[in-house]
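fold the following, please.
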Amino acid sequence: KGGRQGGVGAAVSFCGTCRKTKNFEKVRRDCGCEHSSEAITQFGGLRERFLHSMFVLSPALAALELVGRVTSSGQMMKTAKVMVTSIVKHPITEKYVRARKTYLVHDETDKRLPGDTVRIRECRPLSKRKHFTIVEVIREAERYVDPVTGKVTTQQ
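Residues are numbered from 1 along each chain as shown. Model (predicted):
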């Protein structure tokens, strides 16, 4: 009970007596139980407490933050592809292996180049595959300017 419901940042509240799960944005003052009116009068009708003082904001509902490297940029407007590498234990061999996953990330400035290390944060869906945005640039890759064309590139 109480998984990720309502998308990023949606607060989920629980009625401790009847165990009904409700979205806090759309919840009514009365959950239909005989004990709900007692709780409202007992806690003075405060919005955060009217569900029997069992309002829960789960840490699982916080926005996910990851650190990764930009692998491609410039092919799509205001979008960069970021590869996040993590170390996981293999279920059969029980050795630690690197797991990689790529995310399409919103880049408002459109200045990220391949090799940059960035921190990304989960946000509302911006397109079919893009639901992260760049929060900060941890380390920029070394930039090179082509003397003939004047184009700025990086060496991965």
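
residue ranges with poor pLDDT in this protein?
Low-confidence segments of the chain, defined by pLDDT under 70, are located at 1-61, 156.

please enumerate the helices of the protein.
Shown for the chain, the helices assigned by DSSP state H span residues 36-42.

next one: residue 99 from residue 89, what distance?
10 Å (Cβ to Cβ, to the nearest Å). Where you see a C-beta, it was placed from the backbone N, CA and C, and this is true even at glycine.

can you pull out the strands in the protein?
Assignment of strands within the chain using DSSP state E yields the ranges 12-14, 21-23, 55-56, 65-73, 79-89, 96-106, 117-122, 130-139, 143-145, 152-154.

would you turn these into CSV with mean neighbour count?
Compiled in CSV, the strands of the chain are given as follows (neighbours: other Cβ atoms under 10 Å):
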stretch, mean neighbour count
strand 12-14, 20
strand 21-23, 14
strand 55-56, 15
strand 65-73, 18
strand 79-89, 16
strand 96-106, 14
strand 117-122, 18
strand 130-139, 16
strand 143-145, 11
strand 152-154, 14
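
what's near enough to touch residue 76?
Under the criterion of Cβ atoms under 8 Å, 6 or more residues apart in numbering, the contact partners of residue 76 comprise residue 104.
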